[in-house]
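# dropping the sequence and predicted coords here.
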Amino acid sequence: MDTPNSVAPVGAQSRPPIFVFIHGFLDGAIVWDEVVGALGKRAADAVCVDLPGMGKRADEGGPYSLDRVADEVVRGVNALNRPVILVGHSMGAQIAELAAGRLDGRIHSLVLLTPIPLQGTGMPEETMQSFHELGGNPQAQRELRVQYSVHLDDAHLEKLGRLGDLVKSDSVGEFADIWNRGHPLGTQDSQYRGPVLIVGGDGDALITSEIIAGSVKPRFVNPTVTIIGKAGHWPHVEQPDSVAATLDAFLAAIEPCVVR
């Protein structure tokens, strides 16, 4: 689906859970292509969301907020009429957690990939200036992706870069401030109480293992934490097979044969 609102009911809740993937800052739905492919038939009906202002929805205007998009995801999941494995990357992890907390029993499990903490990163204004300056600057955007990745080849760098190029210049800083400031609920225990997988990249200089341990993991009940080797901030692009295998192992552990 391009927007959560475009989803039509596809079956009864007795059917196996369906993957719903939410991308991060300056990305788009197509970043999940290789993970979906590696998951095979268990992700054949996966839903990959384009967020407003990004991907195929880059022309959609603001104002943007975590709440706006989380509400869209909630409506889309309800329309699916199936339990959902909700997967969010980076800023998309903030959105996924908010949606999961509002959906209660609809969410089978929550996966947070190199997640920006829901409370935000709280970076100072001078640090955030480098993110604001990405708007309308393709070279700077690609350089930042190289800085925060480990195993991003030229083809994948360009794929991500072209997605970032689509985002309106004056929206880039707005999105950066949204994830940096976070959401008030981030200072509390998560409203989602079901199974959680947190996935980091061993070379991620943005969301480090210390941030995961200190600002993400403690908010959930017995979350599983896995670190992907030879990956930075985009493990699903840098190491899609490893991410798919991690998802499979997590699902098998919490409910054998859940997506077989």
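Ah, there it is. Numbers count the residues shown, from 1 in each chain.
# what packs against the helix or strand of the chain with the lowest mean pLDDT?
Using mean pLDDT, DSSP states H and E, the weakest-scoring helix or strand in the chain turns out to be helix 125-132, at a mean of 93. Other helices and strands packing on helix 125-132, by 3 or more C-beta pairs under 8 Å, 6 or more residues apart in numbering; DSSP states H and E, are helix 138-147, helix 169-181. In this view, the C-beta of every residue, glycine as well, is placed from N, C-alpha and C.
# the strands in this protein, which residues?
Remark: strands assigned in the chain by DSSP state E are 18-22, 47-49, 84-89, 107-113, 196-201, 224-228.
# what are the pairing partners of the fifth one, and which direction each?
This means strand 196-201. Strand pairing for strand 196-201, using DSSP bridges, gives strand 107-113 (parallel), strand 224-228 (parallel).
# check the second one too.
Each strand paired with strand 47-49, and its direction, by DSSP bridges: strand 18-22 (parallel).
# what about the strand it pairs with, distance to the chain center?
Centroid separation between strand 18-22 and its chain, computed with C-alpha atoms, centre = their mean, to the nearest Å, is 9 Å.
# what does it contact?
10, 29, 32, 35-36, 39, 43, 45-49, 51, 73, 76-77, 80, 82-89, 92-93, 95-96 (C-beta atoms under 8 Å, 6 or more residues apart in numbering).
# avg pLDDT for it?
Mean pLDDT, computed over strand 18-22, is 98.
# okay, angle between it and strand 84-89 too, please.
Inter-element angle recorded for strand 18-22 and strand 84-89: 20 degrees (by axes from the mean of the first three to the mean of the last three C-alpha atoms, to 10 degrees).
# mind listing what's buried in strand 18-22?
Going by neighbour count (16 or more other C-beta atoms under 10 Å), the buried part of strand 18-22 is 18-22.
# same list (those) but as a markdown table, adding distance to Leu157.
Formatted as a markdown table, the buried residues of strand 18-22 follow (distance: C-beta to C-beta, whole Å):
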| residue | distance to Leu157 |
| --- | --- |
| Ile18 | 30 |
| Phe19 | 25 |
| Val20 | 26 |
| Phe21 | 20 |
| Ile22 | 22 |
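# just give me the closest of these to Glu143.
Ile22 (25.2 Å; C-beta to C-beta).
# neighbours around the nearest residue to Asp189 once chain neighbours are set aside, how many?
Leaving out its chain neighbours, the residue that sits closest to Asp189 by C-beta to C-beta, 6 or more residues apart in numbering is Arg219, at 5.5 Å. Arg219 has 20 neighbouring residues, counting by other C-beta atoms under 10 Å.
# okay, the nearest residue to Thr208 once chain neighbours are set aside and Gln129: tell me how far apart.
Counting by C-beta to C-beta, 6+ apart, Thr208 lies nearest to Gly200, which is 7.8 Å off, once chain neighbours are set aside. Separation of Gly200 from Gln129 (C-beta to C-beta, to the nearest Å): 26 Å.
# which of the two has more neighbours?
More neighbours surround Gly200 than the other of Gly200 and Gln129, with 25 against 12 (other C-beta under 10 Å).
# need the contact list for the more buried one.
114, 207-209, 212, 225-228, 235.
# again, 10 Å this time
Neighbouring residues of Gly200 by C-beta atoms under 10 Å, 6 or more residues apart in numbering: 112-115, 207-209, 211-213, 216, 225-228, 231-233, 235.
# please check the residues you listed and keep the buried ones.
112-115, 207, 211-212, 216, 225-228, 231-233, 235.
# nearest residue to Ala99 other than its sequence neighbours?
Val73 (4.0 Å).
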